[in-house]
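**Student:** curious how this folds, go ahead:
(chains A and B)
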Protein chains: 2
Amino acid sequence: MKDERWKHGGDIYTNGVFKGKDLVDFSSNINPLGVSDLLKDSIEELFNEVVRYPDYQYRELKASISEYLLRYENVNVSSEEMILGNGASEILDLSLSKIRKLGIVVPSFVEYEDFALKYNAEIEYINLTGDFQYDYSEILSSLNKLDGIILGNPNNPTGNIIDKEKFKDILDFAEKENKKIIVDEAFVEFSREGSSLVDKIASYKCLVIIRAFTKFFGMPGARLGYGITSDKQFIEELKKYQLPWNINSFAEIALEKSYKDENYISKSREWIANEIGYMKNEFAKLSIFKKVYDTNCNFILCKLDTMKTSELYEILLNKGILIRNCSNFKKLDDTYVRFAIKSRNLNKLLIDNLKNL
Amino acid sequence: MKDERWKHGGDIYTNGVFKGKDLVDFSSNINPLGVSDLLKDSIEELFNEVVRYPDYQYRELKASISEYLLRYENVNVSSEEMILGNGASEILDLSLSKIRKLGIVVPSFVEYEDFALKYNAEIEYINLTGDFQYDYSEILSSLNKLDGIILGNPNNPTGNIIDKEKFKDILDFAEKENKKIIVDEAFVEFSREGSSLVDKIASYKCLVIIRAFTKFFGMPGARLGYGITSDKQFIEELKKYQLPWNINSFAEIALEKSYKDENYISKSREWIANEIGYMKNEFAKLSIFKKVYDTNCNFILCKLDTMKTSELYEILLNKGILIRNCSNFKKLDDTYVRFAIKSRNLNKLLIDNLKNL
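**Tutor:** Numbering: from 1, shown residues only, chains lettered A, B, ... in the order given. Alright, predicted model coming up:
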């Protein structure tokens, strides 16, 4: 990864190097509730664990993930159907390394393209509809000449999710024709219950689901994600390229504690339900937006009316607020902006600043 | 990394899965002093940091490493001369991926070969002397037909270090002929002061030094290592293959605090000086060893007289002690055993058990 190519949200460091940490960051889509109390209360365990090498098979960690998926998705996933990564990025990177002709639905997470290009994949871009929803017939017809596709559920930065009914033909075709369907569910816990495709893995070996631990549980610095598929051979193939002990002890403990914190999970869901409604309402009243796109997630994509996003970026940065300029997403330009949803106080601060423009 | 190929020390999990954590582990070469107090006292900072994405350029982290190298090695290393890895393994893997014809001095760390084979390198094995010291003229003559070599300083599992005087011809030749000299200094802080080759990087662009943070500072679970070279182009080339945010927040804070903990560093040096002497003395009295090899490190390689290491392994495992059978190191067999040095109490426990055989 070259420094010059940097183009994500969350870079609170460059805008006034080191001092930037005081910025209110609406550019990265992280749960603002902070760290689970169960984790905070068990920090002593970390100091017992970190002095040892982790279990190179990560057996307890995988058991915790299985238990979580059973409780919240009602799906049985065995440890052989799971591959762990130093961030979901590692699994994205490994999965995409195996696909020669890749379809990327755009606009979407910029890394998909970067990873695929690193492995010299041929890329075909498949557009979302005008309202930034999935165009299922377009995806199905494109799949014919591809080895696989990647798509977000929900998609970033647009917040749309996959309609399972409409997606069935795509899965059936992929399964029959041996194509890979890679679904990035890094943000799926921010969507309404039942959004995940993880209940399809038993029926479709073609399906690879990639999950992030750190976004919903508010710990991007912990670095932990995983892939799920019933194609065990695919997992074995990816594992060959992994380093030993790729998951750090802190991430291990963080997941084990957080995944059990039912209070944190229910509080987070309540927060999303409240704040998404509040933000949509408030955004609708603002004249600076030409369009506020529908979202099933913890971020909202908007199109500005007359102002450029780069102008808005500078104005808000001067007020200590960092937003995501979407001009480096394919098919978007300097009139699109993405806002993560934060706590009510901070959301109100943003709204007030937008009102006073 | 395939599970079946597992062959490191430190696997306290498989021997009685999960319950194995109570084993006394002489198989992994980790500082037994535990975690730095400075780090323990600043755990609250972790919870402030982990809720954000790390700085993708890791500027503060690199500054801490520079400061440490200046204080303890009296060498100036800029951030452009540094590459960070999720464990030293990541940097080893990346560095070896660039060498087509690789010389590996053996016996040495088994991963060197695994990484090189992953990239289909041609491997030439260069033997240590009968006393397991570097054979400098052999290395120099081999280098002629190679693109690079890797060697440990100190070497694992033998504990020998590089003689800088005798190594000069090798560095001169490599610099002139554009060969890479990769030096794995994962254990260098356990050796006597001045052992590191880091003072040579300004003069030799061919030299790549790989350091681990986590061994000397007792935190293998934290996952953090780095490479140092004045060949900035080489660093840029390796960085292309790295994932964003490869270092987790806990490792960042752990290094920043531990590298400043002068008390921990001086206590660790005192421990090594005392315990190495004690262990060598006690081992010399034991008749089960045919040979106890000289070491400049925190582990000792021994050759058993009549017993097989696999027998000794089983006997000690039944007493709750895990040792490193060295039979999977090239050029070693089931009569070699490596012991890490631990605290006096545990070292005494080992000696008592060996005496009572």
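**Student:** please make it C-alpha for all contacts and neighbour counts, starting now.
**Tutor:** Will do.
**Student:** and the strands in the stretch 251-357 of chain A, which stretches?
**Tutor:** For the stretch 251-357 of chain A, the strands identified by DSSP state E, counting those that start in this stretch occupy A:289-292, A:299-304, A:321-322, A:324-325, A:336-340, in order along the chain.
**Student:** pretty sure A:Arg223 sits against A:Asn86.
**Tutor:** Yes - applying Cα atoms under 8 Å, one finds A:Arg223 in contact with A:Asn86, separated by 5.2 Å.
**Student:** ok, those two, which is more surrounded?
**Tutor:** Between A:Arg223 and A:Asn86, counting by other Cα atoms under 10 Å in any protein chain shown, A:Arg223 is the more crowded of the two (31 against 26).
**Student:** before we move on, back to that, mutual contacts of A:Arg223 and A:Asn86, please.
**Tutor:** Counting by Cα atoms under 8 Å, 6 or more residues apart in numbering or on different chains, the common neighbours of A:Arg223 and A:Asn86 are A:Ile247, B:Asn246.
**Student:** report pLDDT for A:Asp3.
**Tutor:** According to the per-residue confidence, A:Asp3 scores 38 in pLDDT.
**Student:** okay, how far is it across stretch A:303-313, tip to tip?
**Tutor:** Its first and final residues considered, stretch A:303-313 spans 14 Å by Cα to Cα, to the nearest Å.
**Student:** how far does it sit from the chain's center?
**Tutor:** The gap between the average C-alpha position of stretch A:303-313 and the chain average comes to 25 Å, counting by Cα atoms, centre = their mean, to the nearest Å.
**Student:** how about stretch A:178-193?
**Tutor:** Its chain's C-alpha centre lies 9 Å from the corresponding centre of stretch A:178-193 when counted by Cα atoms, centre = their mean.
**Student:** any idea how far apart the tips of that stretch sit?
**Tutor:** Separation of the first and last residues of stretch A:178-193 by Cα to Cα is 29 Å.
**Student:** need the three-state assignment for A:Tyr204.
**Tutor:** Judged by DSSP: H, G, I helix; E, B strand; the rest coil, the three-state class of A:Tyr204 is coil.
**Student:** ramachandran coordinates for it?
**Tutor:** Dihedral pair for A:Tyr204: phi -130, psi 110, per degrees, to the nearest 10.
**Student:** pull the contacting residues for it.
**Tutor:** Taking Cα under 8 Å, 6+ apart as the criterion, A:Tyr204 is in contact with A:Leu171, A:Asp172, A:Glu175, A:Ser230.
**Student:** at 10 Å what do you get?
**Tutor:** Residues near A:Tyr204 by Cα atoms under 10 Å, 6 or more residues apart in numbering or on different chains: A:Leu171, A:Asp172, A:Ala174, A:Glu175, A:Lys176, A:Lys180, A:Ile181, A:Thr229, A:Ser230, A:Asp231.
**Student:** ditto for A:Glu44
**Tutor:** With contact taken as Cα under 10 Å, 6+ apart, A:Glu44 is in contact with B:Lys40, B:Ile43.
**Student:** how about A:Ser196?
**Tutor:** A:73, A:153-154, A:161-162, A:164, A:183-185, A:187-189, A:209, A:211.
**Student:** what is the most widely separated pair among those residues?
**Tutor:** Spanning the widest gap among the contacts of A:Ser196 are A:Lys164 and A:Arg211, at 17.8 Å by Cα to Cα.
**Student:** more neighbours, the two?
**Tutor:** Set side by side, A:Lys164 and A:Arg211 show more neighbours around A:Arg211, with 28 against 15, by other Cα under 10 Å.
**Student:** in the sheet, who's paired with the more buried one?
**Tutor:** For A:Arg211, the beta-bridge partners under DSSP bridges are A:Tyr226.
**Student:** wait, isn't A:Asp333 in contact with A:Arg324?
**Tutor:** No - no contact is recorded between A:Asp333 and A:Arg324 when judged using Cα atoms under 10 Å, the distance being 11.9 Å.
**Student:** what residues are shared contacts of those two?
**Tutor:** Listed as contacting both A:Asp333 and A:Arg324 by Cα under 10 Å, 6+ apart are A:Thr309.
**Student:** the more surrounded of the two?
**Tutor:** Counting neighbours by other Cα under 10 Å for A:Asp333 and for A:Arg324 shows that A:Arg324 has the greater number, 24 against 15.
**Student:** which residue comes closest to that one once chain neighbours are left out?
**Tutor:** Computed as Cα to Cα, 6 or more residues apart in numbering or on different chains, the closest residue to A:Arg324 that is not its neighbour in sequence is A:Ser27, at 4.5 Å.
**Student:** what number of residues lie near that neighbour?
**Tutor:** Close neighbours of A:Ser27, defined as other Cα under 10 Å, add up to 23.
**Student:** I'd like the distance between it and A:Glu270.
**Tutor:** Computed as Cα to Cα, the A:Ser27 to A:Glu270 distance reads 22 Å.
**Student:** likewise A:Val337?
**Tutor:** 25 Å.
**Student:** quick one, which of those two is more surrounded?
**Tutor:** Under the neighbour definition other Cα under 10 Å, A:Val337 and A:Glu270 were set side by side, and A:Val337 has more, 26 against 11.
**Student:** ok, what's across the strand from the more buried one?
**Tutor:** When bridges are taken as DSSP bridges, the partners of A:Val337 come out as A:Cys302, A:Asn325.
**Student:** would you confirm that it contacts A:Asp305?
**Tutor:** No - shown here, A:Val337 and A:Asp305 do not form a contact pair, counting by Cα under 10 Å, at 11.3 Å.
**Student:** need the overlap of contacts for the two.
**Tutor:** Common contact partners of A:Val337 and A:Asp305 (Cα under 10 Å, 6+ apart): A:Phe289.
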